[in-house]
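Chemist: task: produce atomic coordinates for the following.
(one chain, ligands or ions: 1)
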Amino acid sequence: MTAGAPAPDAAPVLDVSGLRVEVGGRSVVDGLDLVLRAGEATALVGRSGSGKSLTARALTGLLPEGAERSGTARFTSADGTGADLLALPSGRMRAVRGPGIGYAFQEAQASLNPTVTVGAHLKETLKAHGVERAARRERGLAALRAAGLEAPERLWHAHPFELSGGQAQRVALALACVLEPRLLIADEVTSALDPLTQAGVLDMLRARTGAGGSLLLITHDLAVAARWADRVAVLDGGRIAESGPAGEVLRSPRHPFTQELVRAAAPTGAAAAVAASRTAGGVL
Ligand SMILES: Nc1ncnc2c1ncn2[C@@H]1O[C@H](COP(=O)(O)OP(=O)(O)OP(=O)(O)O)[C@@H](O)[C@H]1O
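Modeler: Purely as a prediction, here's the structure:
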């Protein structure tokens, strides 16, 4: 599946302006601007430690202790009401997380409570957001299935420590998606999956944008960005170095840092030979 061209006039779901994050007095995000639109998937790429996860955490009110944030992040709900996420009190932010913004963490295992079963995680999330008891199990199982877990009934009573890394990633993703959020932030959610499962999960995430959802895909993998994102934003030193339609940014990067990233991701050896032998390939 190839990402289609983004609609130029799609409504912004999240408009981030001048986001700054400091941890222990050190600036890690330094004036980041980013617009995420309805019906679009945006890939946030950048080298390790460039501030991708802390950006996601700052936007969802989940920064580590001692971290400070500033700027604005205007979020527009499905009913058209808007709020600056960075100014919301924690109780109102909790209500936005789930149905407004789903966040699948990079550290899937650590984001799950080791003493709570997979089913109880899902039921608790649905309960906290007012879903009636009778519907919880079916919705939870459907979310696990959509996240690429076959026979989810078998995993329903499992504890997180009984899951493989890839299963834990998909459970965390199911939890983030179960309330069908308007914006899903998926932080390296397919890094532990085999290529076939990865493609299935990314197709599922991408399909959510067809229903008007917005997707922020945090990834190191430019091939993933090229295939599944409409737009790419490149983070360098806590700032967006370059952003635009995925095909354009990855085919003809303008910023030296993006050029370096694209060069580093170019296939080598056998992979390059296979890529060269194909008549129609990805953008890389
Ligand atoms: N809990 C924390 N306490 C102190 N510093 C932190 C903490 N979490 C992240 N940092 C620092 O903030 C910077 C940005 O980290 P972040 O996790 O956002 O990077 P990233 O781009 O997501 O990296 P990766 O691609 O490796 O996941 C790094 O220098 C990191 O060391």
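Chemist: for the stretch 51-200 of the chain, what lies in contact range of the ligand?
Modeler: The stretch 51-200 of the chain comes close to the ligand at residues Gly51, Lys52, Ser53, Leu54, Pro64, Gln106, as judged by Cβ under 6 Å from any ligand atom. All C-beta spots, glycine's among them, are computed from the backbone N, C-alpha and C.
Chemist: in a strand, the third one, correct?
Modeler: Pointing back at Ser53 there. No: counting by DSSP: H, G, I helix; E, B strand; the rest coil, Ser53 is not found in a strand; it is helix.
Chemist: surely it is in contact with Gln106?
Modeler: Yes: at 5.6 Å, Ser53 and Gln106 qualify as touching, with contact defined as Cβ atoms under 8 Å.
Chemist: among the residues of the stretch 51-200 of the chain next to the ligand, which has the minimum pLDDT value?
Modeler: Here the lowest pLDDT out of these sits on Gln106, with 86.
Chemist: picking up where we left off before, biggest separation within the residues of the stretch 51-200 of the chain next to the ligand, which pair?
Modeler: In those, two members sit farther apart than any others by Cβ to Cβ. They are Lys52 and Pro64, at 14.7 Å.
Chemist: neighbour count: those two, which is higher?
Modeler: For Lys52 and Pro64, the more surrounded residue by other Cβ atoms under 10 Å is Lys52, and the numbers stand at 23 against 9.
Chemist: skipping adjacent residues, who's closest to the more buried one in space?
Modeler: In space, and not counting its chain neighbours, Lys52 is closest to Ile218: 4.8 Å by Cβ to Cβ, 6 or more residues apart in numbering.
Chemist: now do the contacts for that neighbour.
Modeler: Applying Cβ atoms under 8 Å, 6 or more residues apart in numbering, we find Ile218 in contact with Ala43, Leu44, Lys52, Ser53, Ala56, Gln106, Ile185, Ala186, Asp187, Glu188.
Chemist: TSV for the residues of the stretch 51-200 of the chain next to the ligand, including distance to Glu124?
Modeler: Listed next are those as TSV, based on distance: Cβ to Cβ, whole Å:
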residue	distance to Glu124
Gly51	31
Lys52	28
Ser53	24
Leu54	27
Pro64	23
Gln106	22
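Chemist: nearest to Leu141 among the contacts of Ile218?
Modeler: Ala186 (20.6 Å).
Chemist: you'd agree the closest one is up against Val224?
Modeler: No: under the criterion of Cβ under 8 Å, Ala186 is not in contact with Val224, lying 10.4 Å apart.
Chemist: which residues do those two both contact?
Modeler: Leu217.
Chemist: does Gly18 touch Arg74 like I think?
Modeler: No: if you go by Cβ under 8 Å, Gly18 and Arg74 don't touch, sitting 11.8 Å apart.
Chemist: kind regards, and thank you for your time.
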